[in-house]
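In: Got a sequence here, can you model it:
(one chain, ligands or ions: 1)
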Amino acid sequence: MIAPDWGDIYKALGAQPVINATGSVTLLGGSTPAPEVKEAMARADGAYIPLMELQEKAGRFIADMVDVPAAYITSGAGSALTLATAAIMAGDDDDKIEQLPDTTGMKNEILIQRRQRYMQHYWYDRCLELAGAKLVDFGTDERTTREDLEKAIGPNTAAVHYYAMEQSPDADALSLEDTIEIAHANGLPVTVDSAGQIFPLGNLGKYVRMGADFQCIAAKYMGAPQSVGLALGSEDMIYKLGLQSFASYEGRRVRGVGRPHKIDRQEMIGAVAAVRRWMTMNHEDRLVDSDIRTQTIVSSLRGIDGLRVEPIDNIIGHQPFGLNLHVDESVTGMTAHDVVDQLKQGDPPIWTRVKDWEDFITIHVFGLNEGEEKIVGQRIADLFKR
Ligand SMILES: *Cc1c(COP(=O)(O)O)cnc(C)c1O
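Out: Down below sits the predicted model:
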């Protein structure tokens, strides 16, 4: 069922391609740009363009599309986090822009809820530090209160960071509403990591419309190359963020920390095309397709002793549907980790995953080529029928 030329561009190098049943993960390549995105990128080849101007015009287009005051295309959402943090610390002061990541003389502490950072296994906090900032936790593992934030604000506080997870709301975290209210009452900006909050469409840009100064989006989740992301925010915030970018480094001759975060003009055009596609496509069709492909895997796994298949009904965010597999070791002789390992050792390897803090396997259809869901279902079933 696998095409004979599947992955041969990788095999020619001696590298082993894999079937990606994990979803959109950076480790495996993140995304496959949609055909109209690839076509737009190819058309961008035909001419050169001053990149500061392209950034401005592309940002305007994206901001209008998602209904926020301003937008900027970055080298992934991770870069947007770094540039936003740098922009908050240095503002539009060229000397400070050139001084970072040395933050001497600047407010450099970013507050982050301990609960969001550790209990929600937030992985991208490092992107904030790369600008030179220091992360300061507030609240406890159990909960975060308004007082926790109020008490944590000090003379060196530069901003408050928030991690948006609409698909698994955390009632014990401090809400974004409270975060914005308290931060703004203290003259502090709020940054939001909302990299995956791209559906329902109303969630895209929502945090900025709620009053946050900045939010990021990972374009890998919406049919763009995984090397691009979006910074959305207030005019002021996005203007200052742009001063940190590689385009400004070259275009203004002011050396900001964003110089290594380079992106192609083709990728910028790809981001524009991906946003246009995402905002105008039929999401009902997209969801039905994910649901059907998930059901294909589920139906291959019915009636296996010791294997409990739990379909996921979430459609919020970037990875609709999918399934969790609970493996009973006492019946099957295998742990979830064994199953993941054996799938990786097969031909071709199939990548699924167990998160370190969980004991079930999660499978998503996002990264599967057409028909690969059948292979995934069959290969898992075969492991148990041996
Ligand atoms: C993927 C992701 C990022 C990083 O985005 P990139 O575009 O890969 O840099 C940041 N935060 C969250 C929550 C993500 O899911």
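In: Output stretch 358-375 in CSV, but only the C-alpha positions, please.
Out: The C-alpha coordinates for stretch 358-375 follow below in CSV (Å, rounded to 0.1, in the frame of the first residue of the first chain):
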residue,chain,number,x,y,z
GLU,A,358,1.1,9.8,30.7
ASP,A,359,0.7,6.0,30.2
PHE,A,360,-1.4,6.0,27.0
ILE,A,361,-0.5,6.4,23.4
THR,A,362,-1.9,9.4,21.4
ILE,A,363,-2.5,9.1,17.7
HIS,A,364,-3.4,12.0,15.4
VAL,A,365,-4.1,11.9,11.7
PHE,A,366,-2.8,15.4,10.9
GLY,A,367,0.5,14.1,9.5
LEU,A,368,-0.8,11.0,7.7
ASN,A,369,-0.8,10.9,3.9
GLU,A,370,-4.0,9.6,2.3
GLY,A,371,-4.4,6.0,3.1
GLU,A,372,-1.7,5.8,5.7
GLU,A,373,-4.4,5.6,8.4
LYS,A,374,-5.2,2.0,7.2
ILE,A,375,-1.5,1.0,7.5
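In: Quick check: buried residues in it?
Out: 361, 362, 363, 364, 365, 366, 367, 368, 372, 373, 375 (16 or more other C-beta atoms under 10 Å). Where C-beta positions appear, they are placed from N, C-alpha and C, glycine not excepted.
In: Could you identify the pair within these that is furthest apart?
Out: Using C-beta to C-beta, the pair of these lying farthest apart is 362 and 375, separated by 17.8 Å.
In: From the buried residues of stretch 358-375, which land in helices?
Out: Using DSSP state H, the members of the buried residues of stretch 358-375 that fall in helices are 372, 373, 375.
In: contacting residues around the second one?
Out: Read it as residue 373. 293, 294, 296, 297, 365 (C-beta atoms under 8 Å, 6 or more residues apart in numbering).
In: That one and the ligand: what is the separation?
Out: Applying C-beta to the nearest ligand atom, to the nearest Å, the value for residue 373 to the ligand is 23 Å.
In: Go through the contacts of residue 373 and name the one nearest residue 237.
Out: residue 365 (35.8 Å).
In: Around residue 119, how many other residues sit close by?
Out: By the measure other C-beta atoms under 10 Å, the count of residues near residue 119 is 19.
In: hang on, I meant residue 3
Out: 9.
In: Kindly report the same for residue 233.
Out: Other residues close to residue 233 by other C-beta under 10 Å number 32.
In: same check, this time on residue 357
Out: For residue 357, using other C-beta under 10 Å, the count is 7.
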